[in-house]
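Enquirer: structure for this input, please:
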Amino acid sequence: MRCCRISLLVPVLLGLPALTLAQSPGSAPATQAQVAALQQAVQNAQMSGDNAWMLMSAALVLLMTGPGLALFYGGLVRRKNILGTMMQSFAMMGLVTILWALVGYSLAFGHGNAFIGGFEHVFLRGVGLGPSSYAPTIPEQTYMIYQLMFAIITPALITGAFAERMKFSAMAIFLSLWSLFVYSPMAHMVWGIGGLLNATGGHIPSLDFAGGTVVHVTSGVSALVTAIYLGKRIGYPKVPMPPHSMVFSFIGACLLWVGWFGFNAGSALSSGPLATSAFINTHFAAAAAALGWTIAEWIHNGKPTALGAISGAVAGLVAITPASGFVQPMSALLIGLIAGVFCSFMVFEVKSRLGYDDSLDAFGVHGAGGTFGALLTGVFAVSVINPAFGSDAAGKPLPTGGLDGHWGQLLNQATGVGVAWAISIVGTLVLLFIVDKLVGLRVSPEDEAAGLDLSQHNEEGYDFNS
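Expert: Residues are numbered from 1 along each chain as shown. Below is the predicted model of the structure:
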């Protein structure tokens with residue numbers, strides 16, 4: 001009787017005609033209409049729930065750039081460069097948004113070829129409030145704005161490598177062009193319909209749930225190329241250049257951790273169980289990586305530091321990004337733990353031995369961590385979490401990664417990483433050369449000594465005389 005009463009309450013709660021009419025003779029037409037109305041109501045409820053989650057996820061990803069990354073990077077530079085550094089992240093929020101609306105979204109997600117999208121969505125033509133082929137339960141405008149937030153933070157990550165020494169004008173031109181000629185093609189190849197590396201239908205199916213190759217490998221490798229091309233900061237490494245505010249960086253790192261839930265769990269493109277899996281994996285990997293980096297630093301330097309702990313957390317978030325929607329929680333813990341140790345080695349040992357000046361370790365964390373995570377995705381991905389490759393004739397999910405017995409996926413992952421490295425190196429070098437010839441890349445020695453705040457913006461982050 002309890003079940004019957006509940007079933008009679010459902011249509012009342014939904015504001016539909018009572019289904020009790022179905023009990024009377026000759027009511028078949030009415031019953032069919034009511035069932036159709038109920039199905040439509042359920043579909044509308046699902047779309048509303050998914051859309052709410054995706055709009056929230058988009059806001060969380062934007063939170064990662066401003067204030068998250070702006071505070072994280074801003075605290076790590078010297079006091080005279082905090083506003084100049086934060087302005088670089090803020091500039092991406094404005095510039096990339098405009099470029100995305102004009103042509104970027106079309107190049108990334110329009111129908112084109114295996115390497116780049118077409119021009120069907122230029123000026124957001126055809127991007128309306130109906131469902132899209134990428135996400136059938138949310139409006140295409142929601143999908144577009146969500147993907148925009150990825151396009152904003154990716155070039156902003158590169159700014160950590162050339163912090164304290166690039167002209168604001170050069171930065172604006174270089175990263176605007178980079179977003180069109182490096183990011184958009186890579187996003188299309190991995191996530192776009194018909195893309196070369198698309199996991200469902202691509203020639204080389206590469207698994208990247210939330211941007212390990214698209215976001216972190218491209219930005220990290222481009223950061224390394226930019227740091228080498230620009231040369232070292234004046235006085236590096238002989239002159240100490242410690243962070244001027246670890247408090248800012250600590251707050252920024254915590255905001256990145258929280259925002260990353262939108263980054264990874266939002267990439268499920270719905271509010272279902274897959275989002276839950278990605279959410280949990282994201283948190284577990286960050287915690288494990290913070291522990292791994294802290295232990296490695298404790299052994300290396302004799303003391304654990306706040307900078308090491310927050311750097312480790314970010315490294316874990318980076319490494320789990322491509323795998324977040326494909327692996328189980330214990331695998332996420334392992335990926336995070338190893339990533340924390342591995343990225344600390346890249347920062348402590350590799351950077352010092354090779355002598356390049358990656359100011360805020362954009363390559364050591366994002367380039368190395370993204371590469372590492374993308375490869376491990378091919379090992380730990382399992383079909384019980386995400387049957388990305390569909391099912392066989394008997395309806396059994398096809399194996400996804402090495403733990404499923406599909407070790408060939410590791411080669412696909414390596415190929416995807418290789419493509420990301422190649423387009424990042426070549427594209428970045430070409431764009432740096434062009435911008436250098438147009439406006440010059442680096443500030444003068446006098447401006448660098450004065451700091452970016454004064455030399456580029458004629459203001460200071462701190463006024464101790466007022």
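Enquirer: just give me the longest helix of the protein.
Expert: When the chain is parsed with DSSP state H, its longest helix is helix 28-63.
Enquirer: show me what that one is packed against.
Expert: With contacts taken as 3 or more Cβ pairs under 8 Å, 6 or more residues apart in numbering; DSSP states H and E, helix 28-63 sits against helix 2-13, helix 140-158, helix 246-264. Placement of C-beta: from N, CA and C, glycine included.
Enquirer: quick check: which of those helices is buried the most?
Expert: Neighbour counts (mean count of other Cβ atoms under 10 Å) averaged over each of these peak at helix 140-158, with a mean of 24.
Enquirer: give the contact list for residue 81.
Expert: By Cβ atoms under 8 Å, 6 or more residues apart in numbering, the contact list for residue 81 reads 163-164, 451-453.
Enquirer: compare those and tell me which has the most neighbours.
Expert: residue 452 (27 neighbours; other Cβ atoms under 10 Å).
Enquirer: in the chain, where is pLDDT below threshold?
Expert: 1-30 (pLDDT under 70).
Enquirer: can we see that at 50?
Expert: Flagging of the chain using pLDDT under 50 yields the residue ranges 1-24.
Enquirer: can you pull out the strands in it?
Expert: Using DSSP state E, no strands are assigned anywhere in the chain.
Enquirer: can you show me the helices along the stretch 51-200 of the chain?
Expert: Using DSSP state H, counting those that start in this stretch, the helices of the stretch 51-200 of the chain run over residues 70-76, 82-99, 105-109, 140-158, 168-178, 184-191.
Enquirer: closest one to residue 275 among those?
Expert: Closest to residue 275 of those is helix 140-158 (Cβ to Cβ; 12.8 Å).
Enquirer: what angle separates the closest one from helix 184-191?
Expert: Counting by axes from the mean of the first three to the mean of the last three Cα atoms, to 10 degrees, helix 140-158 lies at 120 degrees to helix 184-191.
Enquirer: just send the helices and strands packed on helix 28-63 back as TSV, with distance to residue 430 too.
Expert: Formatted as TSV, the helices and strands packed on helix 28-63 follow (distance: least, Cβ to Cβ, whole Å):
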stretch	distance to residue 430
helix 2-13	60
helix 140-158	15
helix 246-264	29
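Enquirer: skip the chain neighbours and tell me the closest residue to residue 146.
Expert: Closest residue to residue 146 apart from its sequence neighbours, by Cβ to Cβ, 6 or more residues apart in numbering: residue 58 at 4.4 Å.
Enquirer: isn't the one you found up against residue 266?
Expert: Yes. Counting by Cβ atoms under 8 Å, residue 266 is a contact partner of residue 58 at 7.2 Å.
Enquirer: what is the nearest of the contacts of residue 81 to residue 417?
Expert: If you rank those by distance to residue 417 using Cβ to Cβ, residue 163 comes first, at 25.6 Å.
Enquirer: my guess is residue 438 contacts residue 169. True?
Expert: No. Using Cβ under 8 Å, residue 438 makes no contact with residue 169, being 9.2 Å away.
Enquirer: common neighbours of residue 58 and residue 266, please.
Expert: With Cβ under 8 Å, 6+ apart, residue 58 and residue 266 have common neighbours residue 146.
Enquirer: out of the two, which sits in the busier spot?
Expert: The neighbour comparison of residue 58 against residue 266 (other Cβ under 10 Å) goes to residue 266, with 27 against 21.
Enquirer: what's near enough to touch the more buried one?
Expert: So residue 266 contacts 53-54, 56-58, 60-61, 146, 210, 275 (Cβ under 8 Å, 6+ apart).
Enquirer: how about residue 275?
Expert: 53, 265-266, 268.
Enquirer: would you check how far apart the residue lying closest to residue 410 once chain neighbours are set aside and residue 53 are?
Expert: Spatial nearest neighbour of residue 410, excluding adjacent residues (Cβ to Cβ, 6+ apart): residue 378 at 3.9 Å. For residue 378, the distance to residue 53 equals 28 Å [Cβ to Cβ, to the nearest Å].
Enquirer: between these two, which one's more packed in?
Expert: Per other Cβ under 10 Å, whichever of residue 378 and residue 53 has more neighbours is residue 378, with 27 against 21.
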